[in-house]
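Engineer: quick one, structure for this:
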Amino acid sequence: MSGTALVLCGGGLTGLALVRALRALPGWRVLVGDSFSENLASYEAHANHRLPLLSDAAAFDERLQVLCRAEGVREIFPATQMEQQALLRLRPALQALGCRVWVSDPPVQRLAADKLLLCQWLAEHQLPVLPSHDDVRLGELPLLGKPRDGWGGRGLVRLTEAADRDAWLQERGFVWQPLLQAFDEYSIDFAIDDPGQASPMQPRQRLRQLGGFCMLAEPRAMWPALERAMKGLVDALAPLGARGLFNVQVLVSGEQLWISDVNARVGTSMPLTLAAGLSPVAFLLGHSNQAPQLPARTVRVMRERALPKLNLDEVRGLVFDLDDCLLDQKRWMLDKLALTWESQQTPLGLPDWPTWRDELLLILEEGERARWFDRWCERHSALETTRQALIEAYRAAQPASAPLYDDVAACLAQLRRQGYKLALLSDNPASSQRAKLAACELPQWLDAVVLSGDLGLRKPAAACFEAAAAPLGLEPQQLVMVGDHPWRDARGALDAGYRHAFLVRREGGFFNFGHDSLANWLPDGRWTALHEGLWELHWVLKGRAA
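Structural biologist: Numbering: from 1, shown residues only. Here you go, the predicted structure:
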(Lines give C-alpha, C1' and ligand atoms only; values in the text may rest on other atoms or scores of the structure.)
Protein backbone atom coordinates (compact mmCIF):
# COMPACT_ATOMS: atom_id res chain seq x y z
CA MET A 1 0.00 0.00 0.00
CA SER A 2 1.21 3.51 -0.80
CA GLY A 3 -0.19 6.97 -1.45
CA THR A 4 -0.25 10.45 0.03
CA ALA A 5 -0.55 11.09 3.75
CA LEU A 6 -1.16 14.41 5.49
CA VAL A 7 0.15 15.19 8.98
CA LEU A 8 -2.21 17.88 10.21
CA CYS A 9 -0.87 20.62 12.49
CA GLY A 10 2.36 18.71 12.09
CA GLY A 11 5.01 21.41 12.28
CA GLY A 12 6.28 20.54 15.76
CA LEU A 13 8.03 17.61 17.42
CA THR A 14 4.96 15.35 17.44
CA GLY A 15 4.45 16.06 13.77
CA LEU A 16 8.09 15.26 13.14
CA ALA A 17 7.61 11.84 14.74
CA LEU A 18 4.72 11.11 12.36
CA VAL A 19 6.58 12.41 9.31
CA ARG A 20 9.53 10.14 10.02
CA ALA A 21 7.29 7.14 10.61
CA LEU A 22 5.45 7.72 7.33
CA ARG A 23 8.54 8.50 5.31
CA ALA A 24 10.04 5.16 6.38
CA LEU A 25 7.26 3.37 4.49
CA PRO A 26 8.01 2.74 0.80
CA GLY A 27 6.00 4.78 -1.66
CA TRP A 28 4.34 7.20 0.76
CA ARG A 29 4.38 10.89 -0.08
CA VAL A 30 4.20 12.84 3.18
CA LEU A 31 2.69 16.31 3.47
CA VAL A 32 2.61 18.63 6.47
CA GLY A 33 -0.32 20.98 7.01
CA ASP A 34 0.37 23.72 9.53
CA SER A 35 -0.49 27.35 10.24
CA PHE A 36 3.21 28.27 10.11
CA SER A 37 4.97 28.31 6.75
CA GLU A 38 8.32 27.81 8.50
CA ASN A 39 8.21 24.78 10.75
CA LEU A 40 10.40 21.92 11.90
CA ALA A 41 8.68 18.95 10.27
CA SER A 42 8.49 20.59 6.85
CA TYR A 43 12.20 19.88 6.38
CA GLU A 44 11.60 16.14 6.57
CA ALA A 45 8.33 16.00 4.64
CA HIS A 46 7.92 16.10 0.90
CA ALA A 47 5.94 19.33 1.04
CA ASN A 48 4.55 21.83 3.54
CA HIS A 49 1.15 23.51 3.09
CA ARG A 50 0.09 26.49 5.11
CA LEU A 51 -3.40 26.26 6.59
CA PRO A 52 -5.59 28.86 8.33
CA LEU A 53 -5.74 28.87 12.11
CA LEU A 54 -8.12 26.37 13.70
CA SER A 55 -9.97 29.31 15.27
CA ASP A 56 -11.03 30.40 11.78
CA ALA A 57 -13.17 27.29 11.33
CA ALA A 58 -14.77 28.20 8.01
CA ALA A 59 -11.48 29.06 6.31
CA PHE A 60 -9.73 26.05 7.84
CA ASP A 61 -12.45 23.63 6.75
CA GLU A 62 -12.49 24.92 3.20
CA ARG A 63 -8.72 24.99 2.78
CA LEU A 64 -8.22 21.50 4.20
CA GLN A 65 -10.76 20.00 1.81
CA VAL A 66 -9.22 21.83 -1.15
CA LEU A 67 -5.78 20.54 -0.15
CA CYS A 68 -6.94 16.94 0.18
CA ARG A 69 -8.70 17.05 -3.15
CA ALA A 70 -5.81 18.70 -5.01
CA GLU A 71 -3.07 16.51 -3.52
CA GLY A 72 -4.95 13.20 -3.58
CA VAL A 73 -4.60 12.75 0.19
CA ARG A 74 -5.68 9.31 1.34
CA GLU A 75 -4.64 9.25 5.01
CA ILE A 76 -4.84 12.06 7.60
CA PHE A 77 -3.06 11.91 10.93
CA PRO A 78 -3.56 14.56 13.63
CA ALA A 79 -0.30 15.55 15.30
CA THR A 80 -1.77 17.06 18.47
CA GLN A 81 -4.97 17.09 20.51
CA MET A 82 -5.97 20.56 19.30
CA GLU A 83 -7.10 19.69 15.77
CA GLN A 84 -9.00 16.51 16.62
CA GLN A 85 -12.35 18.26 17.12
CA ALA A 86 -11.99 19.88 13.71
CA LEU A 87 -11.28 16.48 12.16
CA LEU A 88 -14.31 14.96 13.85
CA ARG A 89 -16.42 17.77 12.43
CA LEU A 90 -14.96 17.31 8.94
CA ARG A 91 -14.68 13.53 8.92
CA PRO A 92 -17.80 12.84 6.79
CA ALA A 93 -16.74 15.39 4.18
CA LEU A 94 -13.16 14.12 4.13
CA GLN A 95 -14.28 10.51 3.85
CA ALA A 96 -16.39 11.51 0.87
CA LEU A 97 -13.16 12.70 -0.75
CA GLY A 98 -11.56 9.30 -0.17
CA CYS A 99 -9.59 10.31 2.93
CA ARG A 100 -9.29 8.03 5.93
CA VAL A 101 -9.14 10.15 9.10
CA TRP A 102 -7.28 8.57 12.01
CA VAL A 103 -9.14 10.19 14.87
CA SER A 104 -11.16 8.54 17.64
CA ASP A 105 -14.86 9.11 18.26
CA PRO A 106 -16.07 11.72 20.81
CA PRO A 107 -16.42 9.32 23.79
CA VAL A 108 -12.72 8.46 23.52
CA GLN A 109 -11.79 12.10 23.03
CA ARG A 110 -13.61 13.06 26.22
CA LEU A 111 -11.74 10.43 28.23
CA ALA A 112 -8.38 11.51 26.82
CA ALA A 113 -9.11 15.18 27.55
CA ASP A 114 -10.18 14.80 31.20
CA LYS A 115 -7.97 12.87 33.61
CA LEU A 116 -10.72 12.58 36.24
CA LEU A 117 -13.19 11.06 33.78
CA LEU A 118 -10.45 8.74 32.58
CA CYS A 119 -9.60 7.52 36.07
CA GLN A 120 -13.26 6.95 36.90
CA TRP A 121 -13.78 5.07 33.63
CA LEU A 122 -10.71 2.90 34.23
CA ALA A 123 -11.98 2.01 37.70
CA GLU A 124 -15.45 1.17 36.31
CA HIS A 125 -13.84 -1.25 33.86
CA GLN A 126 -11.73 -2.81 36.61
CA LEU A 127 -8.52 -1.64 35.03
CA PRO A 128 -5.55 -0.78 37.31
CA VAL A 129 -5.66 2.89 38.32
CA LEU A 130 -4.71 4.80 41.47
CA PRO A 131 -7.54 6.10 43.69
CA SER A 132 -8.54 9.42 42.13
CA HIS A 133 -10.73 12.32 43.29
CA ASP A 134 -11.33 15.96 42.44
CA ASP A 135 -11.78 16.83 46.15
CA VAL A 136 -8.41 17.14 47.87
CA ARG A 137 -10.02 16.17 51.21
CA LEU A 138 -10.78 12.62 50.02
CA GLY A 139 -7.21 11.43 49.84
CA GLU A 140 -4.55 10.81 52.44
CA LEU A 141 -1.35 12.82 52.35
CA PRO A 142 1.01 12.92 50.55
CA LEU A 143 -0.97 13.71 47.38
CA LEU A 144 -0.18 14.46 43.78
CA GLY A 145 -2.44 16.83 41.88
CA LYS A 146 -2.67 16.73 38.10
CA PRO A 147 -4.58 19.29 36.02
CA ARG A 148 -7.60 17.49 34.59
CA ASP A 149 -6.81 18.81 31.11
CA GLY A 150 -3.01 18.75 31.45
CA TRP A 151 -0.42 16.68 29.61
CA GLY A 152 3.10 15.54 30.28
CA GLY A 153 4.51 16.69 33.61
CA ARG A 154 3.12 20.21 33.38
CA GLY A 155 1.25 21.84 36.28
CA LEU A 156 1.76 19.05 38.83
CA VAL A 157 1.16 19.86 42.51
CA ARG A 158 2.70 17.89 45.38
CA LEU A 159 1.08 18.15 48.81
CA THR A 160 2.86 16.73 51.85
CA GLU A 161 1.49 18.85 54.75
CA ALA A 162 -2.06 19.49 55.94
CA ALA A 163 -1.45 23.24 55.71
CA ASP A 164 -0.57 22.85 52.06
CA ARG A 165 -3.87 21.07 51.39
CA ASP A 166 -6.00 23.89 52.79
CA ALA A 167 -5.19 26.15 49.86
CA TRP A 168 -6.73 23.62 47.44
CA LEU A 169 -10.02 22.83 49.19
CA GLN A 170 -12.18 24.64 46.62
CA GLU A 171 -10.19 23.60 43.56
CA ARG A 172 -12.01 21.18 41.24
CA GLY A 173 -9.73 21.47 38.22
CA PHE A 174 -7.33 18.82 39.49
CA VAL A 175 -7.40 15.10 40.00
CA TRP A 176 -5.75 14.05 43.27
CA GLN A 177 -3.95 10.73 43.67
CA PRO A 178 -1.58 9.16 46.21
CA LEU A 179 1.93 10.52 45.78
CA LEU A 180 4.09 7.49 45.04
CA GLN A 181 7.51 7.69 46.63
CA ALA A 182 9.27 5.20 44.36
CA PHE A 183 8.11 3.99 40.96
CA ASP A 184 9.17 3.43 37.36
CA GLU A 185 7.30 5.02 34.50
CA TYR A 186 6.63 3.16 31.25
CA SER A 187 5.32 4.47 27.96
CA ILE A 188 3.58 2.39 25.30
CA ASP A 189 2.95 3.59 21.73
CA PHE A 190 0.43 1.59 19.73
CA ALA A 191 -2.42 1.89 17.25
CA ILE A 192 -5.99 0.64 16.91
CA ASP A 193 -7.18 0.00 13.37
CA ASP A 194 -10.65 0.22 11.82
CA PRO A 195 -11.74 -3.29 12.94
CA GLY A 196 -10.66 -2.37 16.48
CA GLN A 197 -7.50 -4.49 16.57
CA ALA A 198 -4.38 -3.24 18.34
CA SER A 199 -0.89 -3.17 16.90
CA PRO A 200 2.01 -5.02 18.54
CA MET A 201 3.18 -3.28 21.71
CA GLN A 202 6.49 -2.81 23.42
CA PRO A 203 6.76 -0.97 26.75
CA ARG A 204 9.74 1.31 27.26
CA GLN A 205 10.91 2.53 30.61
CA ARG A 206 11.35 6.29 30.65
CA LEU A 207 14.85 6.89 32.01
CA ARG A 208 15.33 10.61 31.33
CA GLN A 209 12.96 13.40 30.43
CA LEU A 210 13.62 16.97 29.39
CA GLY A 211 10.76 19.47 29.26
CA GLY A 212 8.18 16.69 29.27
CA PHE A 213 9.85 14.82 26.39
CA CYS A 214 11.39 11.41 26.98
CA MET A 215 14.95 11.48 25.65
CA LEU A 216 16.34 8.18 26.94
CA ALA A 217 14.45 4.91 27.33
CA GLU A 218 14.97 1.21 27.86
CA PRO A 219 12.72 -1.08 25.80
CA ARG A 220 11.24 -4.02 27.71
CA ALA A 221 9.37 -7.16 26.80
CA MET A 222 5.72 -7.34 27.83
CA TRP A 223 5.09 -9.04 31.17
CA PRO A 224 1.80 -10.80 32.04
CA ALA A 225 0.27 -8.13 34.31
CA LEU A 226 0.94 -5.35 31.81
CA GLU A 227 -0.26 -7.46 28.91
CA ARG A 228 -3.55 -8.12 30.71
CA ALA A 229 -3.96 -4.43 31.52
CA MET A 230 -3.32 -3.32 27.93
CA LYS A 231 -5.62 -5.94 26.48
CA GLY A 232 -8.37 -4.85 28.87
CA LEU A 233 -7.79 -1.22 27.93
CA VAL A 234 -8.02 -1.89 24.19
CA ASP A 235 -11.08 -4.11 24.62
CA ALA A 236 -12.82 -1.32 26.52
CA LEU A 237 -11.73 1.51 24.20
CA ALA A 238 -12.46 -0.11 20.83
CA PRO A 239 -16.28 -0.23 21.23
CA LEU A 240 -16.22 3.50 22.01
CA GLY A 241 -14.73 4.24 18.58
CA ALA A 242 -11.03 4.25 19.43
CA ARG A 243 -9.06 4.51 16.19
CA GLY A 244 -5.59 5.67 15.22
CA LEU A 245 -2.52 6.27 17.35
CA PHE A 246 -2.37 6.04 21.14
CA ASN A 247 0.16 6.63 23.86
CA VAL A 248 -0.34 5.17 27.32
CA GLN A 249 1.69 5.87 30.46
CA VAL A 250 1.94 3.20 33.15
CA LEU A 251 3.41 3.52 36.65
CA VAL A 252 5.09 0.45 38.15
CA SER A 253 6.10 -0.11 41.78
CA GLY A 254 7.23 -3.59 42.70
CA GLU A 255 4.58 -6.04 41.52
CA GLN A 256 1.89 -3.36 41.13
CA LEU A 257 1.10 -1.23 38.12
CA TRP A 258 -1.37 1.55 37.37
CA ILE A 259 -2.48 3.15 34.11
CA SER A 260 -1.63 6.82 34.51
CA ASP A 261 -2.48 8.54 31.20
CA VAL A 262 -4.19 7.60 27.95
CA ASN A 263 -3.49 9.91 25.02
CA ALA A 264 -5.62 9.45 21.91
CA ARG A 265 -2.84 10.78 19.69
CA VAL A 266 0.76 10.19 18.76
CA GLY A 267 3.18 10.34 21.68
CA THR A 268 5.86 13.01 21.57
CA SER A 269 8.51 10.37 22.14
CA MET A 270 7.29 7.85 19.55
CA PRO A 271 10.68 8.11 17.73
CA LEU A 272 12.07 5.98 20.57
CA THR A 273 9.56 3.26 19.67
CA LEU A 274 10.43 3.61 15.99
CA ALA A 275 14.12 3.30 16.85
CA ALA A 276 13.43 -0.08 18.45
CA GLY A 277 11.92 -1.34 15.18
CA LEU A 278 8.20 -1.04 15.91
CA SER A 279 5.91 1.30 13.93
CA PRO A 280 2.25 1.75 14.91
CA VAL A 281 1.85 3.88 11.77
CA ALA A 282 2.98 1.00 9.56
CA PHE A 283 0.37 -1.21 11.23
CA LEU A 284 -2.44 1.22 10.41
CA LEU A 285 -1.41 1.46 6.76
CA GLY A 286 -1.19 -2.27 6.24
CA HIS A 287 2.58 -2.62 6.09
CA SER A 288 4.29 -5.57 7.68
CA ASN A 289 5.56 -4.82 11.16
CA GLN A 290 8.86 -6.18 12.31
CA ALA A 291 9.00 -8.01 15.61
CA PRO A 292 10.04 -5.60 18.35
CA GLN A 293 13.71 -5.56 19.13
CA LEU A 294 15.10 -5.26 22.62
CA PRO A 295 18.06 -2.91 22.32
CA ALA A 296 19.84 -1.84 25.47
CA ARG A 297 18.72 1.77 25.07
CA THR A 298 16.88 4.03 22.68
CA VAL A 299 18.16 7.59 22.70
CA ARG A 300 16.59 10.68 21.22
CA VAL A 301 19.09 13.35 20.22
CA MET A 302 18.63 16.64 18.40
CA ARG A 303 20.43 16.66 15.07
CA GLU A 304 21.56 19.98 13.66
CA ARG A 305 21.95 20.49 9.94
CA ALA A 306 23.07 23.55 8.03
CA LEU A 307 20.93 24.01 4.92
CA PRO A 308 22.84 25.21 1.86
CA LYS A 309 21.87 28.59 0.47
CA LEU A 310 21.40 27.83 -3.20
CA ASN A 311 19.97 29.97 -5.94
CA LEU A 312 18.00 27.39 -7.91
CA ASP A 313 14.94 29.45 -8.81
CA GLU A 314 15.66 29.04 -12.52
CA VAL A 315 15.84 25.26 -12.33
CA ARG A 316 13.04 23.56 -14.22
CA GLY A 317 14.21 19.97 -14.43
CA LEU A 318 16.25 17.20 -12.84
CA VAL A 319 18.33 14.50 -14.48
CA PHE A 320 18.87 11.33 -12.46
CA ASP A 321 21.40 8.56 -12.64
CA LEU A 322 19.92 5.06 -12.26
CA ASP A 323 22.20 2.58 -10.49
CA ASP A 324 22.86 3.25 -6.79
CA CYS A 325 20.85 6.46 -7.11
CA LEU A 326 17.31 5.32 -7.89
CA LEU A 327 17.86 1.57 -8.11
CA ASP A 328 19.68 -0.75 -5.72
CA GLN A 329 22.25 -2.18 -8.12
CA LYS A 330 23.60 -4.88 -5.79
CA ARG A 331 20.09 -6.09 -5.02
CA TRP A 332 19.33 -6.31 -8.74
CA MET A 333 22.53 -8.27 -9.31
CA LEU A 334 21.68 -10.63 -6.45
CA ASP A 335 18.20 -11.24 -7.92
CA LYS A 336 19.78 -12.08 -11.28
CA LEU A 337 22.29 -14.31 -9.53
CA ALA A 338 19.46 -16.28 -7.90
CA LEU A 339 17.85 -16.89 -11.30
CA THR A 340 21.23 -17.93 -12.70
CA TRP A 341 21.69 -20.48 -9.94
CA GLU A 342 18.19 -21.88 -10.47
CA SER A 343 18.87 -22.52 -14.15
CA GLN A 344 22.48 -23.72 -13.84
CA GLN A 345 22.74 -25.49 -10.49
CA THR A 346 21.96 -28.92 -11.87
CA PRO A 347 23.71 -28.81 -15.29
CA LEU A 348 26.86 -27.22 -13.86
CA GLY A 349 26.84 -28.92 -10.48
CA LEU A 350 26.97 -25.65 -8.54
CA PRO A 351 27.14 -25.64 -4.72
CA ASP A 352 23.97 -25.09 -2.67
CA TRP A 353 22.47 -21.62 -2.98
CA PRO A 354 23.63 -20.10 0.34
CA THR A 355 27.21 -21.26 -0.23
CA TRP A 356 27.37 -20.10 -3.85
CA ARG A 357 25.62 -16.79 -3.10
CA ASP A 358 27.99 -15.94 -0.27
CA GLU A 359 31.08 -16.75 -2.35
CA LEU A 360 29.86 -14.51 -5.19
CA LEU A 361 28.84 -11.73 -2.80
CA LEU A 362 32.31 -11.74 -1.26
CA ILE A 363 33.86 -11.29 -4.69
CA LEU A 364 31.39 -8.50 -5.44
CA GLU A 365 32.11 -6.66 -2.18
CA GLU A 366 35.83 -6.97 -2.82
CA GLY A 367 35.27 -4.75 -5.85
CA GLU A 368 35.61 -7.26 -8.69
CA ARG A 369 32.15 -7.05 -10.23
CA ALA A 370 33.61 -6.74 -13.75
CA ARG A 371 35.22 -10.21 -13.29
CA TRP A 372 32.54 -11.69 -11.07
CA PHE A 373 32.26 -15.15 -12.59
CA ASP A 374 35.87 -15.17 -13.76
CA ARG A 375 37.12 -14.89 -10.19
CA TRP A 376 34.77 -17.61 -8.91
CA CYS A 377 35.82 -19.98 -11.68
CA GLU A 378 39.49 -19.26 -10.98
CA ARG A 379 39.06 -20.03 -7.29
CA HIS A 380 37.33 -23.33 -8.06
CA SER A 381 39.41 -24.30 -11.13
CA ALA A 382 36.22 -24.41 -13.16
CA LEU A 383 36.23 -25.07 -16.91
CA GLU A 384 35.92 -22.28 -19.47
CA THR A 385 32.61 -23.77 -20.55
CA THR A 386 31.31 -23.25 -16.99
CA ARG A 387 32.35 -19.60 -17.04
CA GLN A 388 30.68 -18.99 -20.39
CA ALA A 389 27.49 -20.76 -19.29
CA LEU A 390 27.28 -18.64 -16.14
CA ILE A 391 27.82 -15.40 -18.04
CA GLU A 392 25.18 -16.26 -20.65
CA ALA A 393 22.65 -17.38 -18.03
CA TYR A 394 23.23 -14.26 -15.96
CA ARG A 395 22.76 -11.98 -18.97
CA ALA A 396 19.52 -13.74 -19.86
CA ALA A 397 18.11 -13.66 -16.33
CA GLN A 398 15.25 -11.18 -15.97
CA PRO A 399 13.89 -10.61 -12.43
CA ALA A 400 10.17 -9.91 -12.16
CA SER A 401 10.77 -6.59 -10.44
CA ALA A 402 13.59 -4.10 -10.06
CA PRO A 403 14.45 -2.85 -6.55
CA LEU A 404 13.98 0.92 -6.44
CA TYR A 405 15.01 2.58 -3.19
CA ASP A 406 12.12 3.26 -0.82
CA ASP A 407 12.29 7.06 -1.19
CA VAL A 408 12.18 7.14 -5.00
CA ALA A 409 8.46 6.87 -5.74
CA ALA A 410 7.33 9.58 -3.31
CA CYS A 411 10.17 11.94 -4.23
CA LEU A 412 9.64 11.75 -7.98
CA ALA A 413 5.88 12.01 -7.63
CA GLN A 414 6.29 15.18 -5.56
CA LEU A 415 8.77 16.73 -8.00
CA ARG A 416 6.32 16.11 -10.84
CA ARG A 417 3.54 17.78 -8.83
CA GLN A 418 5.82 20.75 -8.28
CA GLY A 419 6.19 21.21 -12.03
CA TYR A 420 9.66 19.83 -12.64
CA LYS A 421 10.57 17.81 -15.73
CA LEU A 422 12.47 14.62 -14.98
CA ALA A 423 14.92 12.63 -17.07
CA LEU A 424 17.11 9.58 -16.63
CA LEU A 425 20.70 9.46 -17.86
CA SER A 426 22.42 6.13 -17.33
CA ASP A 427 25.60 4.31 -18.32
CA ASN A 428 26.07 0.51 -18.34
CA PRO A 429 24.98 -1.54 -21.38
CA ALA A 430 21.74 -0.19 -22.81
CA SER A 431 20.15 -3.63 -22.97
CA SER A 432 20.80 -4.15 -19.24
CA GLN A 433 19.32 -0.76 -18.34
CA ARG A 434 16.23 -1.37 -20.46
CA ALA A 435 15.70 -4.64 -18.63
CA LYS A 436 15.75 -2.80 -15.30
CA LEU A 437 13.32 -0.14 -16.53
CA ALA A 438 10.95 -2.81 -17.85
CA ALA A 439 10.84 -4.37 -14.38
CA CYS A 440 10.03 -1.26 -12.35
CA GLU A 441 7.54 1.60 -12.18
CA LEU A 442 10.18 4.27 -12.78
CA PRO A 443 9.22 5.20 -16.40
CA GLN A 444 5.82 6.58 -15.29
CA TRP A 445 7.54 9.55 -13.61
CA LEU A 446 10.07 10.28 -16.35
CA ASP A 447 9.74 12.67 -19.25
CA ALA A 448 12.81 11.27 -21.00
CA VAL A 449 15.22 8.33 -20.82
CA VAL A 450 18.70 8.64 -22.28
CA LEU A 451 21.04 5.63 -22.25
CA SER A 452 24.61 6.57 -23.02
CA GLY A 453 25.17 3.15 -24.62
CA ASP A 454 22.77 4.16 -27.39
CA LEU A 455 24.96 7.21 -28.04
CA GLY A 456 28.18 5.24 -28.15
CA LEU A 457 29.40 7.36 -25.22
CA ARG A 458 29.84 7.25 -21.47
CA LYS A 459 29.52 9.87 -18.77
CA PRO A 460 31.17 12.30 -18.10
CA ALA A 461 31.08 13.16 -21.81
CA ALA A 462 29.26 16.48 -22.20
CA ALA A 463 27.24 15.11 -25.12
CA CYS A 464 25.50 12.69 -22.73
CA PHE A 465 24.21 15.52 -20.56
CA GLU A 466 23.24 17.60 -23.58
CA ALA A 467 21.27 14.62 -24.90
CA ALA A 468 19.36 14.43 -21.61
CA ALA A 469 18.47 18.12 -21.77
CA ALA A 470 17.21 18.09 -25.37
CA PRO A 471 13.99 16.03 -24.97
CA LEU A 472 13.03 18.10 -21.93
CA GLY A 473 13.16 21.29 -24.01
CA LEU A 474 15.42 22.88 -21.40
CA GLU A 475 18.82 24.50 -21.44
CA PRO A 476 21.58 22.90 -19.34
CA GLN A 477 21.57 25.84 -16.89
CA GLN A 478 17.92 25.02 -16.13
CA LEU A 479 18.84 21.52 -14.96
CA VAL A 480 20.41 19.85 -11.94
CA MET A 481 22.01 16.43 -11.89
CA VAL A 482 21.35 13.81 -9.19
CA GLY A 483 23.69 10.84 -9.04
CA ASP A 484 26.09 8.83 -6.91
CA HIS A 485 29.39 9.31 -8.78
CA PRO A 486 31.25 12.62 -8.27
CA TRP A 487 33.18 12.41 -11.52
CA ARG A 488 30.82 10.75 -13.98
CA ASP A 489 27.60 12.33 -12.67
CA ALA A 490 28.43 15.57 -10.85
CA ARG A 491 31.54 16.80 -12.61
CA GLY A 492 30.24 15.73 -16.01
CA ALA A 493 26.99 17.63 -15.52
CA LEU A 494 28.68 20.77 -14.23
CA ASP A 495 31.16 20.80 -17.12
CA ALA A 496 28.18 20.49 -19.48
CA GLY A 497 26.66 23.65 -17.99
CA TYR A 498 24.15 22.21 -15.49
CA ARG A 499 23.17 24.59 -12.72
CA HIS A 500 23.98 22.30 -9.79
CA ALA A 501 24.76 18.69 -8.88
CA PHE A 502 23.54 16.56 -5.99
CA LEU A 503 25.39 13.47 -4.77
CA VAL A 504 23.34 10.87 -2.95
CA ARG A 505 25.04 8.34 -0.67
CA ARG A 506 23.33 4.94 -0.61
CA GLU A 507 24.13 2.27 1.94
CA GLY A 508 25.96 -0.53 0.18
CA GLY A 509 26.50 1.52 -2.98
CA PHE A 510 29.53 0.81 -5.13
CA PHE A 511 31.01 4.28 -4.73
CA ASN A 512 31.81 5.99 -1.44
CA PHE A 513 34.31 8.75 -2.01
CA GLY A 514 35.91 10.74 0.79
CA HIS A 515 35.15 14.44 1.20
CA ASP A 516 38.72 15.46 0.35
CA SER A 517 38.45 13.72 -3.01
CA LEU A 518 35.18 15.49 -3.74
CA ALA A 519 36.72 18.84 -2.91
CA ASN A 520 39.46 18.17 -5.46
CA TRP A 521 37.09 17.18 -8.25
CA LEU A 522 34.09 19.45 -7.78
CA PRO A 523 33.88 23.27 -7.77
CA ASP A 524 32.88 24.94 -4.52
CA GLY A 525 29.23 25.93 -4.17
CA ARG A 526 28.03 23.95 -7.18
CA TRP A 527 27.36 20.58 -5.58
CA THR A 528 25.52 19.34 -2.53
CA ALA A 529 25.68 15.98 -0.73
CA LEU A 530 22.39 14.25 0.10
CA HIS A 531 23.25 12.44 3.31
CA GLU A 532 19.95 10.68 4.03
CA GLY A 533 18.21 10.23 0.70
CA LEU A 534 16.40 11.99 -2.10
CA TRP A 535 13.89 13.70 0.21
CA GLU A 536 16.60 16.25 1.06
CA LEU A 537 16.07 17.65 -2.44
CA HIS A 538 12.89 19.24 -1.11
CA TRP A 539 14.94 21.41 1.23
CA VAL A 540 16.19 23.45 -1.71
CA LEU A 541 13.84 22.69 -4.62
CA LYS A 542 10.47 24.22 -3.90
CA GLY A 543 9.15 24.14 -7.47
CA ARG A 544 6.85 26.44 -9.36
CA ALA A 545 3.70 24.82 -7.97
CA ALA A 546 4.71 24.68 -4.29
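Engineer: would you agree residue 165 falls within a strand?
Structural biologist: No - read with DSSP: H, G, I helix; E, B strand; the rest coil, residue 165 is helix and lies in no strand.
Engineer: ok, it - contacts?
Structural biologist: 136, 137, 141, 143, 159 (Cβ atoms under 8 Å, 6 or more residues apart in numbering). Every C-beta, even on glycine, is put in place using the N, C-alpha and C of the backbone.
Engineer: ok, the third one touching residue 160?
Structural biologist: Yes - contact status for residue 141 versus residue 160: in contact at 6.2 Å, counting by Cβ atoms under 8 Å.
Engineer: shared neighbours of those two, which are they?
Structural biologist: residue 179.
Engineer: avg pLDDT for the helix or strand containing residue 318?
Structural biologist: Element membership of residue 318 [criterion: DSSP states H and E] is strand 317-320. Mean per-residue pLDDT for strand 317-320: 98.
Engineer: helix or strand right after it?
Structural biologist: In N-to-C order, the element after strand 317-320 by DSSP H and E is helix 329-348.
Engineer: how distant is stretch 458-473 from the center of its chain?
Structural biologist: Relative to its chain's centre, stretch 458-473 lies at 34 Å (Cα atoms, centre = their mean, to the nearest Å).
Engineer: pull out the buried residues from that stretch.
Structural biologist: Residues of stretch 458-473 classed as buried: 459, 460, 461, 464, 465, 467, 468, 469, 472 (neighbour count, 16 or more other Cβ atoms under 10 Å).
Engineer: before we move on, what about stretch 183-198?
Structural biologist: Within stretch 183-198, the residues that count as buried by 16+ other Cβ under 10 Å are 185, 186, 187, 188, 189, 190, 191, 192, 193, 198.
Engineer: what's the closest of these to residue 275?
Structural biologist: residue 189 (11.3 Å; Cβ to Cβ).
Engineer: so for the strand or helix carrying that closest one, what's the average pLDDT?
Structural biologist: Assigned by DSSP H and E, residue 189 falls within strand 184-192. The pLDDT scores in strand 184-192 average 95.
Engineer: same question, stretch 441-460
Structural biologist: Mean predicted confidence for stretch 441-460 is 96.
Engineer: likewise for stretch 86-99?
Structural biologist: 97.
Engineer: which outside residues touch stretch 439-453?
Structural biologist: In contact with stretch 439-453 (Cβ under 8 Å, 6+ apart) are residues 317, 326-327, 398-404, 408-409, 412-413, 415-416, 421-431, 433-434, 437, 458-459, 461, 464, 467-468, 471-472.
Engineer: in helices, which of these fall?
Structural biologist: Taking DSSP state H, the ones among these that sit in helices are 408-409, 412-413, 415-416, 430-431, 433-434, 437, 464, 467-468.
Engineer: could you turn the buried ones of those into a ChimeraX selection?
Structural biologist: Here is the ChimeraX command that picks out the buried ones among the ones in helices among the contacts of stretch 439-453, judged by 16+ other Cβ under 10 Å:
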select :408,409,412,413,415,416,433,437,464,467,468
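Engineer: and the ones in helices among the contacts of stretch 439-453 as CSV, adding distance to residue 297?
Structural biologist: Converted to CSV, those look like this (distance: Cβ to Cβ, whole Å):
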residue, distance to residue 297
408, 33
409, 34
412, 37
413, 37
415, 38
416, 41
430, 50
431, 50
433, 44
434, 48
437, 44
464, 49
467, 52
468, 47
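Engineer: any chance of the ones in helices among the contacts of stretch 439-453 in a markdown table, with pLDDT and distance to residue 126 too?
Structural biologist: A markdown table is the format used below for the ones in helices among the contacts of stretch 439-453 (pLDDT from 0 to 100; distance: Cβ to Cβ, whole Å):
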| residue | pLDDT | distance to residue 126 |
| --- | --- | --- |
| 408 | 96 | 50 |
| 409 | 95 | 48 |
| 412 | 96 | 53 |
| 413 | 94 | 49 |
| 415 | 95 | 54 |
| 416 | 94 | 55 |
| 430 | 93 | 70 |
| 431 | 93 | 69 |
| 433 | 96 | 64 |
| 434 | 96 | 65 |
| 437 | 97 | 60 |
| 464 | 97 | 72 |
| 467 | 97 | 73 |
| 468 | 98 | 68 |
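Engineer: from the ones in helices among the contacts of stretch 439-453, pick the one nearest residue 286.
Structural biologist: residue 409 (16.3 Å).
Engineer: can you tell me the closest non-neighbouring residue to that closest one?
Structural biologist: Closest residue to residue 409 apart from its sequence neighbours, by Cβ to Cβ, 6 or more residues apart in numbering: residue 27 at 4.5 Å.
Engineer: my guess is the one you found contacts residue 410. True?
Structural biologist: Yes - with contacts counted by Cβ under 8 Å, residue 27 reaches residue 410, the gap being 6.2 Å.
Engineer: quick one, which of those two is more surrounded?
Structural biologist: Taking neighbours as other Cβ atoms under 10 Å, residue 27 and residue 410 compare with residue 410 leading, 25 against 17.
Engineer: ok so, going back, okay, the residue nearest to residue 409: pLDDT?
Structural biologist: Confidence score, pLDDT, at residue 27: 90.
Engineer: OK, contacts around it?
Structural biologist: Under the criterion of Cβ under 8 Å, 6+ apart, the neighbours of residue 27 are 1, 2, 3, 406, 409, 410.
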